[in-house]
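>>> Sequence first, predicted coordinates after that:
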Amino acid sequence: MWAPENIHGAAKQIDELDGEWTFPLFAYRATNFHLIQLAPSFYEPLSSVERLNLAALLRQRVAHHLRDTHLRDTCGVQAVVTVFPSIFDAQSGIVPLPAADESPIGQHCVDIRGLKDDALTVVFCHGWRGWSAGGIGYLSQQYLENHLVEAGISWLSDCGPLRSTVKPLLSAGKPRDFARLWQSRRTRGQRTVPGTSDWMLRWYQAFSLDWECDAELLVLEKSIRIRVGVVVLLISGDDAYVSDFFIWPTYRRAGAGKILENYACERARFGGARRIQMAVWNADTVAGTAVQENFLRCRGYRVEKNEGECQMVMCGEKDLT
């Protein structure tokens, strides 16, 4: 679907971080703004090893059952794990559990490809030359339980699982059936931003693999498909949850955030929600939380901060009236 080096370069345009490293979240965001010739991508973090296993299974079935090369590249799963010196001695790519006296040497992001036959081992691929055959490695459930830092999944919005298709997708035996379900018809809509002639709001039906609920991808565009901002919105009963809210830096402090936040609330109400929450991730608060907190409070959210080591450093909540 995309060349990793190109997406990494695009991510570095927006992450405001020193050095070559970046958060995987910025790669998901950058894909939507860098590859405008493709449908926008739905993406979400995965909150547990169990959800990562489910995502790995889905990614494996995409690779095995879709014969079209383009379609096989429409889904991606990534994980970040803490690594130790013993990873360089991994036999046949099987990452060992660290010894009691081993100290971590950093974190490493890998591309998840699926599950081994025992369904207790996650298969991954990365670009370390000479590390193992084909760069393929294996992470045990115990390693992930102890050392998984974060994980996420993404797929193009014109395909992927829906509430009505996710279970059949995880069990379909024939490639033809899987391909039909993966590309099943989904609803979408659009409207012009009031008071403008060239700003467009679009929404795409999706499904949250992490929350197991309906979801939508909301996109604010300007002129000829210039993407300005993206919201990932999950709706479950009375509750709506914005798992990501991102405005391209060029369009900040120009009203784009207000437009997109209003639209998220509108779509949440339409889905039956009575409350909405918005997450703020550690990836966005390296330089502090003041900007994000001010935005949430100005939009009427009650703000709660999370102390300690947590990817979500802040969450806003407000009633939808």
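The structure has been received and is ready for your questions.

>>> In terms of secondary structure, what does the longest helix along the chain contact?
Identified as the longest helix of the chain according to DSSP state H is helix 49-65. Other elements packing on helix 49-65 under the criterion 3 or more CB pairs under 8 Å, 6 or more residues apart in numbering; DSSP states H and E are helix 69-72, strand 75-83, strand 106-115, strand 121-125, helix 141-147, strand 148-156, helix 175-182. Using the backbone N, CA and C atoms, a C-beta is placed for each residue, glycine as well.

>>> for the third one, which positions count as buried?
Which is strand 106-115. Judged by neighbour count (16 or more other CB atoms under 10 Å), strand 106-115 contains these buried residues: 108-115.

>>> next one: the first one
Counting neighbours by 16+ other CB under 10 Å, one finds that the buried residues in helix 69-72 are residue 71.

>>> Which strands and helices lie in contact with that helix?
helix 49-65.

>>> so where is the stretch 1-150 of the chain shaky, pLDDT-wise?
1-6 (pLDDT under 70).

>>> could you pull out the helices for the stretch 201-321 of the chain?
Using DSSP state H, counting those that start in this stretch, the helices of the stretch 201-321 of the chain run over 256-270, 290-298.

>>> got the buried residues for stretch 225-233?
226-233.

>>> I'd like those residues written out as TSV, with distance to residue 48 and pLDDT added.
TSV is the format used below for these (distance: CB to CB, whole Å; pLDDT from 0 to 100):
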residue	distance to residue 48	pLDDT
226	36	89
227	30	92
228	33	94
229	29	95
230	24	97
231	23	97
232	18	98
233	21	98
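
>>> Tell me, how many residues neighbour the closest residue in space to residue 286 that isn't next to it in sequence?
The spatially closest residue to residue 286, leaving aside those adjacent along the chain, is residue 17, at 6.3 Å (CB to CB, 6 or more residues apart in numbering). Applying other CB atoms under 10 Å, we find 15 residues neighbouring residue 17.

>>> Helix, strand, or coil at residue 17?
Using DSSP: H, G, I helix; E, B strand; the rest coil as the criterion, the local structure at residue 17 reads coil.

>>> Verify the stated contact: residue 23 with residue 286.
No - Residue 23 is beyond contact range of residue 286, at 9.1 Å (criterion: CB atoms under 8 Å).

>>> anything in contact with each of the two?
residue 17 (CB atoms under 8 Å, 6 or more residues apart in numbering).

>>> Which of the two has more residues huddled nearby?
residue 23 (21 against 11).

>>> Show me which pair in the buried residues of stretch 225-233 is furthest apart.
226 and 233 (21.3 Å; CB to CB).

>>> Show me the domain layout of the chain.
Using automatic domain parsing, the domain parsing of the chain gives 36-181, 187-319.

>>> Flag the shaky bits of the stretch 151-300 of the chain, pLDDT-wise.
Ranges of the stretch 151-300 of the chain meeting pLDDT under 70: none found.

>>> So which residues of it form strands?
Applying DSSP state E, counting those that start in this stretch to the stretch 151-300 of the chain gives strands spanning 188-192, 199-208, 213-222, 226-236, 239-247, 275-281.

>>> Show me what the shortest one is packed against.
Secondary-structure packing of strand 188-192 (3+ CB pairs under 8 Å, 6+ apart): strand 199-208.

>>> Given the strand it packs on, what are its sheet partners and their directions?
Here strand 199-208 is paired, per DSSP bridges, with strand 188-192 (antiparallel), strand 213-222 (antiparallel).

>>> what sits against residue 278?
Listed by CB under 8 Å, 6+ apart, the contact set of residue 278 reads 241-242, 245, 261, 264, 296, 301, 315-317.

>>> Using TSV, lay out those together with neighbour count and distance to residue 55.
Listed next are these as TSV, based on neighbours: other CB atoms under 10 Å; distance: CB to CB, whole Å:
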residue	neighbour count	distance to residue 55
241	22	18
242	22	20
245	24	22
261	24	28
264	22	24
296	22	29
301	19	29
315	18	23
316	22	27
317	16	27
